[in-house]
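**Student:** got a predicted model here, sequence first, then my questions.
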Amino acid sequence: MNLKSLGWNQTFEESFKSFEILNLVPGRISIEHKGLYNVLTEHGELLGEITGKIRFNATGRHDFPAVGDWVAVQAIPQEGKAYIHNILPRKSKFSRKAAGHTTDEQIVATNVDTVFLVNALNQDFNLRRLERYLLMAWESGATPVIVLSKADLCEDVQKYIDEVETIAFGVPTFAVSAEKGTGLEALSSYISEGETVALLGSSGVGKSTLVNKLFGSEILKTNTIRDEDGKGKHTTTHRELLVLDGGGILIDTPGMRELQLWEGDNSLSHSFQDVEGLAEKCRFRDCTHHNEPGCGVQAAIESGELNKERYNSYLKLQRELAYFARKEDQKLALAERAKWKKIAGDRTRVHRK
């Protein structure tokens, strides 16, 4: 298996030099299981297990391998196994808050060059959800591309494209039909040898069908959607990295109807540059955009220049990011305290011996 076809480049090679003297080899995580990983290497696909050192030093889920990661492994090809010793620095990372009441990060995919944000042109189309995906895509470090799927089922495709352009400034937007095979040529330009594309979107938007068309064969199972609401079941149940025969890498992900933010402070201004541009026109620097005279934001809402729902979405995302930032700071402090307490305990036991 050729490393270049997996996305290996000079940057990763430089990061790996310190591991060469340990007789380790590079590999890329293609599937994540519970405690085990499929790792693609020059020796083929191996079943990887993390070392105790990684487990001991981990302060959260972000310290464990994720799909798309490059890792340093001790390969045992004759047994089809590998031991994962370290994770190479990530050039991009798409994360969300893990499901449940705990404040944990779930890494969806790493080392992605382009993110296809797939939205179906049916009754499940949702601009507010797309705003969340865009925010997380910009924060990840990857380049977002909006893919409007199921174009063959839509009577007014241009109407949806116009709506998307009101929130996605300068983001390439393509309407496609995987069933009919139309519009796919435009997406092919983002898929070349060594380039990694992740597909993100809700259940039923057609990600798996799109992957099959781009791959050239039926490698992923697909389901139909419910006619009454346009929503679908989770066809893809896990994240998987796929290497295309013609070059390029695709990462398919399960549908995410509830995309709770994990981080995004740095990209909020990018995603909502229209709102923050209007705020600069306010008479007062500390304007709260409620009842102050000369408020540029409220004036734009009243004139119709700014959609009220978009402004409310901006406020909601802002509050959500602030809340999780506070929770994460508390969690990191507790984890660091527990780590050093454990180290101190180990040292005490060694000293007593």
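**Tutor:** Looks like it came in fine.
**Student:** low-confidence ranges, the chain, go.
**Tutor:** 97-104, 217-237, 255-267, 323-353 (pLDDT under 70).
**Student:** which residues in the stretch 1-150 of the chain form strands?
**Tutor:** For the stretch 1-150 of the chain, strands defined by DSSP state E, counting those that start in this stretch occupy the ranges 25-32, 36-41, 44-50, 70-76, 81-87, 93-97, 105-110, 114-120, 143-149.
**Student:** how about a markdown table for those, with distance to G294 and mean neighbour count added?
**Tutor:** Backbone N, C-alpha and C define where each C-beta goes, glycine included. Compiled in a markdown table, the strands of the stretch 1-150 of the chain are given as follows (distance: least, C-beta to C-beta, whole Å; neighbours: other C-beta atoms under 10 Å):
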| stretch | distance to G294 | mean neighbour count |
| --- | --- | --- |
| strand 25-32 | 53 | 23 |
| strand 36-41 | 57 | 22 |
| strand 44-50 | 57 | 18 |
| strand 70-76 | 52 | 22 |
| strand 81-87 | 51 | 20 |
| strand 93-97 | 37 | 22 |
| strand 105-110 | 41 | 24 |
| strand 114-120 | 37 | 26 |
| strand 143-149 | 35 | 23 |
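**Student:** in CSV, list these along with distance to T253.
**Tutor:** Output for the strands of the stretch 1-150 of the chain, formatted as CSV (distance: least, C-beta to C-beta, whole Å):
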stretch, distance to T253
strand 25-32, 11
strand 36-41, 16
strand 44-50, 20
strand 70-76, 19
strand 81-87, 19
strand 93-97, 9
strand 105-110, 6
strand 114-120, 10
strand 143-149, 14
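**Student:** for K316, find the nearest of the ones you listed.
**Tutor:** strand 93-97 (14.5 Å; C-beta to C-beta).
**Student:** how far does the closest one sit from the chain's center?
**Tutor:** 5 Å (C-alpha atoms, centre = their mean, to the nearest Å).
**Student:** partners of it, with directions?
**Tutor:** Applying DSSP bridges, strand 93-97 is found paired with strand 105-110 (antiparallel).
**Student:** what about dumping the CA coordinates of the strand it pairs with to PDB?
**Tutor:** In PDB, the C-alpha atoms belonging to strand 105-110 read as follows (Å, rounded to 0.1, in the frame of the first residue of the first chain):
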ATOM      1  CA  GLU A 105     -15.000  15.900  22.600                       C
ATOM      2  CA  GLN A 106     -15.800  13.500  19.800                       C
ATOM      3  CA  ILE A 107     -13.400  13.700  16.900                       C
ATOM      4  CA  VAL A 108     -15.300  13.000  13.700                       C
ATOM      5  CA  ALA A 109     -12.300  13.000  11.300                       C
ATOM      6  CA  THR A 110      -8.700  14.400  11.100                       C
END
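**Student:** could you find the closest non-adjacent residue to the residue most central in space within the chain?
**Tutor:** When C-alpha atoms, centre = their mean is applied to the chain, the residue found nearest the centroid is F94 (2.9 Å). Spatial nearest neighbour of F94, chain neighbours left out: S140 (4.1 Å); criterion: C-beta to C-beta, 6 or more residues apart in numbering.
**Student:** which ones are touching the residue lying closest to G68 once chain neighbours are set aside?
**Tutor:** Using C-beta to C-beta, 6+ apart and skipping the chain neighbours, the partner closest in space to G68 is T110 (3.9 Å). The contact partners of T110, taken as C-beta atoms under 8 Å, 6 or more residues apart in numbering, are 66-69, 90, 92-94.
**Student:** of those, closest to Q158?
**Tutor:** Closest to Q158 out of the contacts of T110 is F94 (29.4 Å), distances taken as C-beta to C-beta.
**Student:** my guess is that closest one contacts V108. True?
**Tutor:** Yes - with contact defined as C-beta atoms under 8 Å, F94 and V108 form a contacting pair (4.6 Å).
**Student:** give the intersection of the neighbour lists for those two.
**Tutor:** 198, 200.
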